[in-house]
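Engineer: I'd like to go over a predicted model; first the sequence, then the structure.
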Amino acid sequence: SDDITMSKPTAAITHGGSTGLTISSTAGNVAISGQTTAGYVDVELVRFTDAQIGISGTPNIVALATAGITVTGETVTTTLDVNGAADVSGTLTLSGTTQRLTHTG
């Protein structure tokens, strides 16, 4: 029922048990935040920095904003369904022998 305060420049909480470690709250959200401009949280191989999601070598693969998301690099999908307007500002390449562009309406 008391607080835990850690004041060393580098501190760690280490769990060495044979099962998992859970951080939870029965009264609401659990917040993990950094106090520096270079703060980040790593969960396995995924890095969260401010409103960006990535990995340690590329921390800004996905940038979150109120108006949408920005993806840095290439997005690979087997099916893409766009419900609304689509704006392609670069080159649109269709590859394969059965690819087509269809207009209805």
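Structural biologist: Perfect, I can see it now.
Engineer: list the contacts for the residue nearest to the spatial centre of the chain?
Structural biologist: The centroid of the chain falls nearest to Ile53 when counting by C-alpha atoms, centre = their mean (3.0 Å). Neighbour list for Ile53: Val46, Arg47, Ile61, Val62, Leu64 [criterion: C-beta atoms under 8 Å, 6 or more residues apart in numbering]. Using the backbone N, CA and C atoms, a C-beta is placed for each residue, glycine as well.
Engineer: could you report the neighbour count for the last one?
Structural biologist: What that stands for is Leu64. Using other C-beta atoms under 10 Å, Leu64 is surrounded by 12 other residues.
Engineer: quick check: mean pLDDT across the host helix or strand of it?
Structural biologist: Secondary structure assigned from DSSP states H and E places Leu64 in strand 62-65. Mean pLDDT, strand 62-65: 96.
Engineer: sheet-wise, list the partners of the helix or strand just after it with their directions.
Structural biologist: Downstream of strand 62-65, the next assigned helix or strand under DSSP H and E is strand 68-71. According to DSSP bridges, strand 68-71 forms sheet pairs with strand 62-65 (antiparallel).
Engineer: if you count neighbours, what's buried in the partner strand?
Structural biologist: Of all the residues in strand 62-65, those buried under the rule 16 or more other C-beta atoms under 10 Å are Ala63.
Engineer: also stretch 89-96?
Structural biologist: Buried-residue list, stretch 89-96, by 16+ other C-beta under 10 Å: empty.
Engineer: now do the strands in this structure.
Structural biologist: 41-43, 46-49, 52-54, 62-65, 68-71 (DSSP state E).
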